[in-house]
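K.L.:
predicted model and sequence follow; I will ask about them next.
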Amino acid sequence: MNCCWCTVTTEKLEESVKFYQEIVGLTPVRRFSPAPGTEIVFLEDKNNFKIELLQNGNATGTAKEGISLGFEVDSLTDMLKIVQSKNISVVGGPVKVPDCSFFFVKDPNGVSIQFVENRR
């Protein structure tokens, strides 16, 4: 089995596309409207994993708790500089554990995003 994508429902589609493109480094690969009032954007990483952003006109509520999306980075220090330069608050970490270091931010929808530097 292969995980093909994770869906994030959003009221902030353009802000979310910008976050996943400029901060996470994903590339938009498909954008369409399957029904009036609904728009979907797929963004993809170099390994073909996708984030589906879904805006359907329904209120999404408050911050999303209990889920986190993790993205491996080459340099945690460099990623920290990027998020700080975009005025994105770090909500957890940086933390060092035996095999990796990581920190958390929130995407425009309140989803926890973990940036991880693995030690090889």
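P.N.:
Arrived safely, thanks for sending.

K.L.:
from one end of stretch 30-45 to the other, what's the distance?
P.N.:
Taking C-alpha to C-alpha, to the nearest Å, stretch 30-45 runs 13 Å from one end to the other.

K.L.:
list the contacts of that stretch.
P.N.:
Contacts to stretch 30-45, defined as C-beta atoms under 8 Å, 6 or more residues apart in numbering, come from residues 5, 13, 16-17, 20-21, 24-29, 50-57, 71. Every residue, glycine included, has its C-beta placed from N, CA and C.

K.L.:
please redo it, this time with the cut-off set to 7 Å
P.N.:
Stretch 30-45 is contacted from outside by 5, 13, 17, 20-21, 26-29, 50-57, using C-beta atoms under 7 Å, 6 or more residues apart in numbering.

K.L.:
how far does that stretch sit from the chain's center?
P.N.:
Relative to its parent chain, stretch 30-45 has a centroid offset of 16 Å by C-alpha atoms, centre = their mean, to the nearest Å.

K.L.:
rounded mean pLDDT for the top helix by length along the chain, please.
P.N.:
Determined from DSSP state H, the single longest helix within the chain is helix 76-85. Helix 76-85 carries an average pLDDT of 96.

K.L.:
ok, stretch 49-56 next?
P.N.:
Rounded mean pLDDT across stretch 49-56 is 92.

K.L.:
how about it: buried residues?
P.N.:
For stretch 49-56, burial by neighbour count (16 or more other C-beta atoms under 10 Å) applies to 49-51, 53-55.
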